[in-house]
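> this one's sequence-less:
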């Protein structure tokens, strides 16, 4: 069943098949993203389910162009709301959050002890970055979002996302070369 908006051929709700495919593709990614922040599997599941319910209420087909970024933003905003309601000052627990930050294309190092030490150094330096830069690094490296999608999620411009990401990587590079 599709609702019509009084205009012939204009659908106002997303097709069920599209929603099902989107859910199958993005639900595991969103669960992982939210779980790293809330640390409670039930809460993470609730946040993601709420996001998909809201997705179904969005006008179709306009939402189709921005679905991934829109879902990440919706989940991010809901997590922020949860932390505000709980009275937490810091929405992200950085020690655990950046522990899974990995370059997807990196090859395993031959000396795993040296590699583990290097990863620990990178994590320490990431924890020293401003919160916004940490978030942008996570969205880019962990979630694989584009600059445009990160901009939609965070409310920044794509140019600002690129600048902040460049600043974060440059800062990390400088600190890691000094040590």
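Yep, that arrived. Everything numeric here is computed off the predicted structure, so don't read it as measured data.

> tell me which residue is most central in the protein.
Residue closest to the mean C-alpha point of the chain, counted by Cα atoms, centre = their mean, is residue 139 at 4.4 Å.

> can I assume that residue is in contact with residue 69?
No. With contacts counted by Cβ atoms under 8 Å, residue 139 stays clear of residue 69, the gap being 9.6 Å. For glycine as for every other residue, the C-beta is placed from the backbone atoms N, C-alpha and C.

> lowest-confidence helix or strand of this protein?
Using mean pLDDT, DSSP states H and E, helix 94-97 stands out as the lowest-scoring helix or strand of the chain, at a mean of 44.

> in the longest helix seen in the chain, what counts as buried?
When the chain is parsed with DSSP state H, its longest helix is helix 16-38. Judged by neighbour count using 16 or more other Cβ atoms under 10 Å, the buried positions of helix 16-38 are 19, 22-23, 26-27, 29-31, 33-38.

> export those to CSV and tack on distance to residue 163?
Shown next, in CSV, are the buried residues of helix 16-38 (distance: Cβ to Cβ, whole Å):
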residue, distance to residue 163
19, 35
22, 31
23, 34
26, 27
27, 32
29, 26
30, 27
31, 30
33, 23
34, 27
35, 29
36, 25
37, 24
38, 29
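
> any idea which of these is closest to residue 162?
residue 33 (21.0 Å; Cβ to Cβ).

> which residues are in contact with both of residue 139 and residue 69?
145, 149, 150, 153 (Cβ atoms under 8 Å, 6 or more residues apart in numbering).

> list the contacts for the third one?
Taking Cβ under 8 Å, 6+ apart, we find residue 150 in contact with 69, 136, 139, 140, 156, 158, 161.

> and if we set it to 6 Å?
Residues near residue 150 by Cβ atoms under 6 Å, 6 or more residues apart in numbering: 136, 139, 161.

> so it sits in a strand?
No. Read with DSSP: H, G, I helix; E, B strand; the rest coil, residue 150 is helix and lies in no strand.

> that one and residue 23, how far apart?
Plainly put, residue 150 is 22 Å away from residue 23 if you go by Cβ to Cβ, to the nearest Å.
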